[in-house]
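S.K.: Just to be clear, the model below is a prediction. Sequence and coordinates:
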Amino acid sequence: MVEFFVYMLEVTAPDGARSLYVGSTNSIERRYAEHAEGCGARYTRNKAVKLVFYQHFSTRAAAIRREQQLKRMSPAKKRVLIDDIFENEFLTEDDAKPRMKAG
């Protein structure tokens with residue numbers, strides 16, 4: 001069974017500036033290694049990367065929808081999401097669905 005992931009990397013430029021990179025993949029280990037070795041996305045080349053968030057999905061379509069949702073979020077909202085998640089591996093595609101506020 002093929003699995004799909006959405007992930008966020010904290011990217012540190014040579015000058016120390018930090019940013020977040022969002023991507024999706026069917027192999028989180030392989031894709032992280034590509035980024036870390038400088039063979040990933042052009043944005044992460046020649047920069048230090050650290051995996052700070054990932055989420056598991058059963059379909060590529062669900063992963064891409066979540067990736068697009070995360071890319072539209074402000075950096076501050078992404079940081080809140082990262083800070084609020086204690087155990088990323090327990091996230092499922094159900095956790096990506098918007099929740100209605102009671103009241």
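M.R.: It's in. Owing to the predicted nature of the structure, the values given are computational and were not obtained by experimental measurement. Numbering: from 1, shown residues only.

S.K.: Would you map the strands across the chain?
M.R.: Under the criterion DSSP state E, the chain contains strands at 4-12, 18-25, 48-57.

S.K.: Just name the shakiest helix or strand of this structure by mean pLDDT.
M.R.: In the chain, no helix or strand scores lower on mean pLDDT, DSSP states H and E than helix 75-84, which sits at a mean of 88.

S.K.: got the angle for that helix vs strand 4-12?
M.R.: 110 degrees (axes from the mean of the first three to the mean of the last three CA atoms, to 10 degrees).

S.K.: Report the buried residues of helix 75-84.
M.R.: 78, 81 (16 or more other CB atoms under 10 Å). Where you see a C-beta, it was placed from the backbone N, CA and C, and this is true even at glycine.

S.K.: Kindly report the same for stretch 39-49.
M.R.: Within stretch 39-49, the residues scored as buried using 16+ other CB under 10 Å are 40, 44, 47, 49.

S.K.: Give me the contacts around that stretch.
M.R.: For stretch 39-49, contacts defined as CB atoms under 8 Å, 6 or more residues apart in numbering pick out 9-14, 21, 23, 31-32, 34-36, 38.

S.K.: biggest separation within those, which pair?
M.R.: Greatest spatial distance among the contacts of stretch 39-49 (CB to CB): 14 and 31, at 22.3 Å.

S.K.: higher neighbour count, these two?
M.R.: Neighbours per residue (other CB atoms under 10 Å) separate residue 14 from residue 31, with residue 31 holding more: 21 against 8.
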